[in-house]
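Participant: Everything below, folded, please.
(chains A and B)
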Amino acid sequence: MRKASLIHFARQLQVIKSSSSHPRSFSSSPSSNKLFVAGLSWSVDEKSLKEAFSSFGEVSEVRIMYDKDSGRSRGFGFVNFSREDEATSAKDAMDGKAFLGRPLKVSFALDKVYREPVTTRHSNMGTTFTRSR
DNA sequence: GTTGAGCGTT
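Facilitator: Modelled structure (predicted):
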């Protein structure tokens, strides 16, 4: 068994466990406090997005992806809430709603949170080869 | 001065 496979499998298990540990509050979707927000206007920054989502709960983190070259917004970002019900209500309220002229597309974010660095170790005689992705 | 579905950095 490879290490990367174990990590992937553990992440899958965590999603299933978080879903099955709350049988009653299961709203037919992998609930999370992280929201994926797309359909943003090009001129939307993090502060305006946070101001828009702060009315639904306590926003802990807001990140908008900007282009490395031009520095302009790529039109999507992420909003972190302190509670899952806040994120759920915010998604339910803001999804499909217009924001600065464009219809917003809000959904739960995927757990692309930790990307393991590409550690290519040339040990002696190929002792340890750690390839990720 | 542009574009328009999507799942991101340490």
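
Participant: then stretch A:59-71 to CSV, C-alphas only?
Facilitator: Output of stretch A:59-71 as CSV, limited to C-alpha atoms (Å, rounded to 0.1, in the frame of the first residue of the first chain):
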residue,chain,number,x,y,z
VAL,A,59,-17.2,34.6,8.2
SER,A,60,-13.8,33.4,9.3
GLU,A,61,-12.0,33.4,5.9
VAL,A,62,-12.6,34.7,2.5
ARG,A,63,-10.3,34.0,-0.5
ILE,A,64,-10.7,35.0,-4.0
MET,A,65,-8.5,33.5,-6.7
TYR,A,66,-6.7,36.1,-8.7
ASP,A,67,-4.7,35.5,-11.8
LYS,A,68,-1.0,35.4,-11.3
ASP,A,69,-0.2,37.3,-14.4
SER,A,70,-2.8,40.0,-14.8
GLY,A,71,-3.7,40.2,-11.1
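
Participant: list the buried ones in that stretch?
Facilitator: A:59, A:62, A:64 (16 or more other C-beta atoms under 10 Å). (Each C-beta comes from the backbone N, C-alpha and C, glycine too.)

Participant: pLDDT, secondary structure and distance to DNA strand B for these - can I get that in CSV?
Facilitator: CSV is the format used below for these (pLDDT from 0 to 100; DSSP: H, G, I helix; E, B strand; the rest coil; distance: C-beta to the nearest atom of the strand, whole Å):
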residue, pLDDT, secondary structure, distance to DNA strand B
A:V59, 95, strand, 14
A:V62, 95, strand, 10
A:I64, 95, strand, 9
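
Participant: how deep is the nearest residue to A:L100 once chain neighbours are set aside tucked in, by neighbour count?
Facilitator: Spatial nearest neighbour of A:L100, chain neighbours left out: A:S41 (4.3 Å); criterion: C-beta to C-beta, 6 or more residues apart in numbering. Other residues within reach of A:S41, judged by other C-beta atoms under 10 Å, total 14.
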